[in-house]
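# Need coordinates for the below:
(chains A and B)
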There are 2 protein chains.
Amino acid sequence: MAEQVKYVLEENEMPKAWYNIQADLPKPLPPVLHPGTHKPVGPDDLAPLFPPDLIMQEVTQERYIEIPPEVQQVYKIWRPSPLYRARALEKALGTPAKIYYKYEGVSPTGSHKPNTAVPQAYYNKKAGTKKLSTETGAGQWGSSLAFAGSCFGLEVEVFQVKVSYETKPYRSIFMKTFGAQCYPSPSDRTEVGKKILEKDPACTGSLGIAISEAVESCMKSEVPTKYALGSVLNHVLMHQTIIGQEAISQLEKAGDYPDVLVGCTGGGSNFAGMCFPFIGQKFRGEAKKSFRVVAVEPAACPSLTKGKYTYDFGDTGHMTPLIKCHTLGHPFIPPPDHAGGLRYHAMAPLISHLKELGELEAVAYRQTECFEAGILFAKHEGILPAPEANHAVKGAIEEALRCKREGKSEVILFNLCGHGNFDMAAYDKFNQGAMKDSDFNEEDMALALAATPKIAE
Amino acid sequence: MAEQVKYVLEENEMPKAWYNIQADLPKPLPPVLHPGTHKPVGPDDLAPLFPPDLIMQEVTQERYIEIPPEVQQVYKIWRPSPLYRARALEKALGTPAKIYYKYEGVSPTGSHKPNTAVPQAYYNKKAGTKKLSTETGAGQWGSSLAFAGSCFGLEVEVFQVKVSYETKPYRSIFMKTFGAQCYPSPSDRTEVGKKILEKDPACTGSLGIAISEAVESCMKSEVPTKYALGSVLNHVLMHQTIIGQEAISQLEKAGDYPDVLVGCTGGGSNFAGMCFPFIGQKFRGEAKKSFRVVAVEPAACPSLTKGKYTYDFGDTGHMTPLIKCHTLGHPFIPPPDHAGGLRYHAMAPLISHLKELGELEAVAYRQTECFEAGILFAKHEGILPAPEANHAVKGAIEEALRCKREGKSEVILFNLCGHGNFDMAAYDKFNQGAMKDSDFNEEDMALALAATPKIAE
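The predicted model follows:
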């Protein structure tokens, strides 16, 4: 009989609540600060941007938050998502390790992003919001919010980092097909965009700039509009914990528990979604064994491995509160030849905090070696990963090769956060040998870090 | 509690055999004829093109053929595929009908095609084949064979209809990423291609031409090479019956049985895959109730609704045996502004035969109304269909609206054979109002039909 490769859950086995790691932290998260007063922000400060339920979820210390039935109903389009044993890849690598991966590419937009887009749209609809404004990089998040807005009848407006808007045209067509508006950022639709274009008309954009534009557009809108963020914030990471909770149940069915968890990190949401439920088990003394947690980031935008742990703005235009995080400095712009997402200057505060607590390791790889890993994976496992997910694949393969060298049959679990169907132009570039690895510019980072606010701590 | 929308099967509930409708036909299929002698072909005639196991499967009258464990292992990457209840679409249409759809877009290449690509690659590998040569239209089939070849270590060469090669560049990049060669057809790599380009250098290609090129290339190859076809043939349709067998089990879990089955037809494989297991139940007196079967085809290439039931070549260059089928004439070339696949001049002999037996109805829709249906579906169900699948969506919506008019709560089941992630250029065209519906040219068909061989029957 053929060996089992896939572990599925029934709809009724889908988790009914999100897991909030704040409930189990050994040391609380540093507060978010008001950009003017440098005092901790309160719910009222966030009310112009987010609906009440999401503000509550941002700060609550409750361990579990019930997933509303309306959200569960939409989740069921693609959830529970499958967990795979990568038997063909294991054989190809000749590793004694067992490699498992959770696959989030089965969602309608091909990544993990709808896990939070759907509840964000739902809570906004419930609060009377008519329109959502957001930013996107590679387009995974913008597509997902366009889909979620369409589910609940909300208008959606997306500012997409210009270099991605231009190199990944299928993403904006996708968003428009679902009824959303999509603009390349920096744009002339906002003051912050105009100012940046004045200084640098050829600016290729950054997530920091696009966030500023989306926030400004939200504040100025004439219909009830809120802002939506696809990563970084506590409530966003929490919505993603359905991934790790499912993975725990699925690994139980497989009779395994991980020795190493691997995920790719940009803002950190897919990584957090998979790892937090496991780390929570550890904090509560419920983990079946000790395990390592490895965050893989692009060498072109290495916030965790090279950034400074300090307070910084979430955006370029100083419109957001200040968060304590590993940052390359909010004016930092990754080189335009970086093909994938994962181009945010900062890391989610919760992940940065866990890094400071010694709960996770970080490693950076160059994009060409990640594409190479992704194609090896595709040829054996059949799924072509998104460029972002290639980083996780690379990280998992490196762990599997270490196991081979050390003769250890460890259990490796990684999150394959999305497929690469919309990224064929990048694969084409790679196939033709035309993909480059820009060196990370330490001076750029130093300059950008000099612009972080001085906070008396 | 949220309502159930998805019916999944465990890996161990996956069917272990394909269903062969030839075992249950009330009247046998007309034989395939040798193009020279007009006598029925024997296994030896097919040996240069196909490995022994597939030739056996083409003609066998056994009801079930065991799926080899090696094929089951690869199937498990995405199978069993989900069955959905389209509750959101039902609400949007205000129909009392229940709409179910089987979703084949979860496969690595985003369509049902790997269901046959994988066994074809497997049986060829087993027989010592080193290389597979094939054609593709929109690219679903070529991608799937590239994937399957990569699974079993076979070289793959794909001739893609030129208009699709040019308008859907992501598909050929995808094939190349999996290690396949992909050429626009007509090409100068074959005699048949050269001859056509001489007469018409601007020729946009057709599946008939691409098949001729692939067959010629297979015959001339210096390494052991076989030919692979993605539809039309009996064994190809049989491999797809895993779809319908799974759907029967899933509908059982839902406590339903269809009143209407709907699928889109080009060569007919996804349609056959879903419908044959149900039609087989009917033939054996095991159907839970009587049901209708509706084939939906594009008005631009309407073989079932406008074609003639006669013997014809499967390709333009007269390299294939003669099959009895509904055909528009093998030289027929669909208008180049037809965006999707479903552009084959003929219909699978098994489907044509069932049409003649009165077992199914056929209807043709124009592509713009199909795209409109597909976008309505996407906005409510979250999945953006491939242009081909839009035809099935359109057919199902029309049935649901009929049920609304007639006040009937019928059960509609359709096959959503693939997603549209690689087809965003077509959606862009549609969104911009630039997509056209060419009128079907009856004179073109009459001319093409005049070229069909005269067979004394």
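
# Most proximal residue of the stretch 151-300 of chain A with respect to chain B?
In the stretch 151-300 of chain A, the residue that lies nearest chain B is A:Y170 (3.8 Å; Cβ to the nearest Cβ). Any C-beta I mention is one placed from the backbone N, CA and C, and that applies to glycine too.

# So that residue, which state does it fall into?
Three-state call for A:Y170 (DSSP: H, G, I helix; E, B strand; the rest coil): helix.

# quick one: it from B:L207, how far?
Counting by Cβ to Cβ, to the nearest Å, the gap from A:Y170 to B:L207 is 25 Å.

# How about A:A254: what's its closest non-neighbour residue?
Leaving aside its sequence neighbours, A:A254 sits nearest to A:Y7 (Cβ to Cβ, 6 or more residues apart in numbering or on different chains; 5.5 Å).

# just to revisit the earlier point, what distance do you get for the residue of the stretch 151-300 of chain A closest to chain B to A:N124?
Distance from A:Y170 to A:N124, by Cβ to Cβ: 27 Å.

# Could you do A:G407 as well?
Taking Cβ to Cβ as the measure, A:G407 falls 53 Å from A:N124.

# Same drill for those two, tell me which one is more crowded.
A side-by-side neighbour count of A:G407 and A:N124, using other Cβ atoms under 10 Å in any protein chain shown, places A:N124 first with 26 against 7.

# if I pick the more buried one, what's in contact with it?
Residues counted as contacts of A:N124 (Cβ atoms under 8 Å, 6 or more residues apart in numbering or on different chains) are A:51, A:54, A:132, A:152, A:154, A:226, A:228.

# ok but it is inside a helix, no?
Yes: assignment of A:N124 by three-state DSSP places it within a helix.

# ok, so what distance separates it from B:M219?
Applying Cβ to Cβ, the value for A:N124 to B:M219 is 62 Å.

# just A:Y365 next, same as before
Look at A:Y365 and B:M219: by Cβ to Cβ, they are 46 Å apart.

# Compare the two (neighbour count), which wins?
Shown here are A:Y365 and B:M219; by other Cβ under 10 Å, A:Y365 has more neighbours (20 against 14).

# so who does the most centrally placed residue in chain A touch?
The centroid of chain A falls nearest to A:S269 when counting by Cα atoms, centre = their mean (3.5 Å). Residues near A:S269 by Cβ under 8 Å, 6+ apart: A:112-113, A:116, A:230-232, A:236-237, A:240, A:348.

# Next one, pLDDT for the closest residue to A:I351 other than its chain neighbours please.
Spatial nearest neighbour of A:I351, excluding adjacent residues (Cβ to Cβ, 6+ apart): A:G268 at 4.2 Å. A:G268 carries a pLDDT value of 96.

# Also A:M1?
45.

# same thing with A:G193?
We have a pLDDT of 96 for A:G193.

# Buried residues of the longest helix along chain A, list them for me.
Identified as the longest helix of chain A according to DSSP state H is helix A:387-406. Of all the residues in helix A:387-406, those buried under the rule 16 or more other Cβ atoms under 10 Å in any protein chain shown are A:387-400, A:403-404.

# Beta-bridge partners for the residue nearest to A:A254, please?
On the basis of DSSP bridges, A:Y7 is bridged to A:L83.

# A:H318 - nearest residue in space that isn't next to it in sequence?
A:P35 is the one closest to A:H318 (Cβ to Cβ, 6+ apart), at 6.1 Å.

# ok so the one you found is a strand residue?
No: applying three-state DSSP, one finds A:P35 to be coil, outside a strand.

# Show me where the stretch 301-450 of chain A has its strands.
For the stretch 301-450 of chain A, the strands defined by DSSP state E, counting those that start in this stretch occupy A:308-313, A:322-327, A:361-365, A:411-416.

# ok, now which ones touch whichever residue of the stretch 251-400 of chain A sits closest to chain B?
For the stretch 251-400 of chain A, the residue closest to chain B is A:G382, as judged by Cβ to the nearest Cβ, at 3.7 Å. Listed by Cβ under 8 Å, 6+ apart, the contact set of A:G382 reads B:74, B:77-78, B:108, B:114, B:147, B:150-151.

# re earlier: what about the residue nearest to A:A254, how many residues close to it?
By other Cβ under 10 Å, 23 other residues sit near A:Y7.

# Return the residues in contact with A:E213.
Neighbouring residues of A:E213 by Cβ under 8 Å, 6+ apart: A:135, A:159, A:185-187, A:189-190, A:192-193, A:317.

# Which of those residues fall in strands?
Among these, DSSP state E puts A:135, A:159, A:185 in strands.

# Where do the domain boundaries of chain A fall?
Following automatic domain parsing, chain A resolves into domains at A:6-13+A:65-110+A:235-449, A:113-234.

# Chain B contacts on the stretch 51-200 of chain A?
Residues of the stretch 51-200 of chain A lying near chain B by Cβ under 8 Å from any Cβ of the partner chain: A:69-70, A:72-74, A:76-78, A:84, A:87-88, A:106, A:108, A:110, A:147, A:150-151, A:169-170, A:173-174, A:176-179.

# if you set the cut-off to 7 Å instead, what comes out?
For the stretch 51-200 of chain A, the residues in contact with chain B (Cβ under 7 Å from any Cβ of the partner chain) are A:69, A:72-73, A:76-77, A:106, A:108, A:110, A:147, A:150-151, A:170, A:173-174, A:176-179.

# repeat for the stretch 251-400 of chain A
Counting by Cβ under 7 Å from any Cβ, the residues of the stretch 251-400 of chain A near chain B are A:375, A:378-379, A:382-384.

# Which of those fall in helices?
Residues of these located in helices (DSSP H): A:375, A:378-379.

# Save those residues as CSV, and put in neighbour count too.
Shown next, in CSV, are those (neighbours: other Cβ atoms under 10 Å in any protein chain shown):
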residue, neighbour count
A:I375, 21
A:A378, 25
A:K379, 21
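
# So for A:Y170 and B:L207, which sits in the more crowded spot?
Per other Cβ under 10 Å, whichever of A:Y170 and B:L207 has more neighbours is B:L207, with 33 against 23.

# For the more buried one, give me its contacts.
B:135, B:137, B:161, B:343-344 (Cβ atoms under 7 Å, 6 or more residues apart in numbering or on different chains).

# Contact partners for the spatially closest residue to it that is not a sequence neighbour?
Spatial nearest neighbour of B:L207, chain neighbours left out: B:Y344 (4.7 Å); criterion: Cβ to Cβ, 6+ apart. The contact partners of B:Y344, by Cβ under 7 Å, 6+ apart, come to B:207, B:266-267.

# what do you get for A:F377?
A:89, A:385, A:393.

# Quick one: residues contacting the last one.
It stands for A:V393. So A:V393 contacts A:373-374, A:377, A:385 (Cβ under 7 Å, 6+ apart).

# do the first one as well
Counting by Cβ under 7 Å, 6+ apart, A:L89 makes contact with A:99, A:377, A:380-381.

# rerun at 10 Å
A:95, A:99, A:101, A:373, A:376-381, A:393, A:396-397, A:400 (Cβ atoms under 10 Å, 6 or more residues apart in numbering or on different chains).
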